[in-house]
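Novice: Here is my input, please return the structure:
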Amino acid sequence: MPAHEKRDFGSPAHRWIGIEPGGRSSAHGEARLAVRPEFLQEEGVVHGGIVAALLDATCVYALYPELGARDSLTSIEFKVNFLAPGLVDRGPIEARADVLKSGRTIALLKAVATQAGKPVAEGLFTYVFKRAE
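Specialist: Next comes the predicted model:
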């Protein structure tokens, strides 16, 4: 079994929020999040930080095949554009992250979140790898 298959997906925060992994390959990752009322902000839409956390987690999931058993990674930059509100009655928010470039130390990914087939947010995410010696 490859090293990345032995890893549990998600940090305790991802599990607490309820991010569920979907399909994955060396080129992309997918995840989804059931929208709960406690995710809503003052205007009754899903808080942008929740959507950004889903996109970030999906990118990390896409990069797992790049990691050795003792390697790690962390995000060093991301930019998210919000395109439409996430709503509690529209079903889960689904995300897909595509690896645009991955080298020895840096990876760049594009991630898109949709709800009921409509774009909610998209972003660019940069990660740095810490390779085990």
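
Novice: Quick one: residues in contact with stretch 74-90.
Specialist: Applying CB atoms under 8 Å, 6 or more residues apart in numbering, the external contacts of stretch 74-90 come out as 35-37, 39-40, 43-46, 48, 50-52, 55-56, 59-60, 93, 113, 115-116, 118-128, 130. Backbone N, C-alpha and C define where each C-beta goes, glycine included.

Novice: one more time with 6 Å, if that's ok
Specialist: Stretch 74-90 has contacts (CB atoms under 6 Å, 6 or more residues apart in numbering) with 35, 37, 45-46, 48, 52, 93, 115-116, 118-128.

Novice: likewise stretch 117-132?
Specialist: Applying CB under 6 Å, 6+ apart, the contact partners of stretch 117-132 are 51, 55, 59, 68, 70-73, 75-84, 86, 105-113.

Novice: Any of the contacts of stretch 74-90 buried? List them.
Specialist: Listed as buried from the contacts of stretch 74-90 are 35, 45-46, 52, 93, 115, 120-127; burial here means 16 or more other CB atoms under 10 Å.

Novice: In strands, which of the residues you listed fall?
Specialist: 93, 115, 120-127 (DSSP state E).

Novice: Counting neighbours, what do you get for Gly18?
Specialist: Residues lying near Gly18 (other CB atoms under 10 Å) number 16.

Novice: Please report how far it lies from Phe39.
Specialist: For Gly18, the distance to Phe39 equals 9 Å [CB to CB, to the nearest Å].

Novice: for the nearest residue to Gly29 once chain neighbours are set aside, what are its contacts?
Specialist: The spatially closest residue to Gly29, leaving aside those adjacent along the chain, is Ala62, at 3.0 Å (CB to CB, 6 or more residues apart in numbering). Going by CB under 6 Å, 6+ apart, Ala62 touches 28-29, 97, 99.

Novice: which residues of this structure fall in strands?
Specialist: Using DSSP E, the strands of the chain run over 19-24, 28-33, 72-82, 93-102, 106-115, 118-130.
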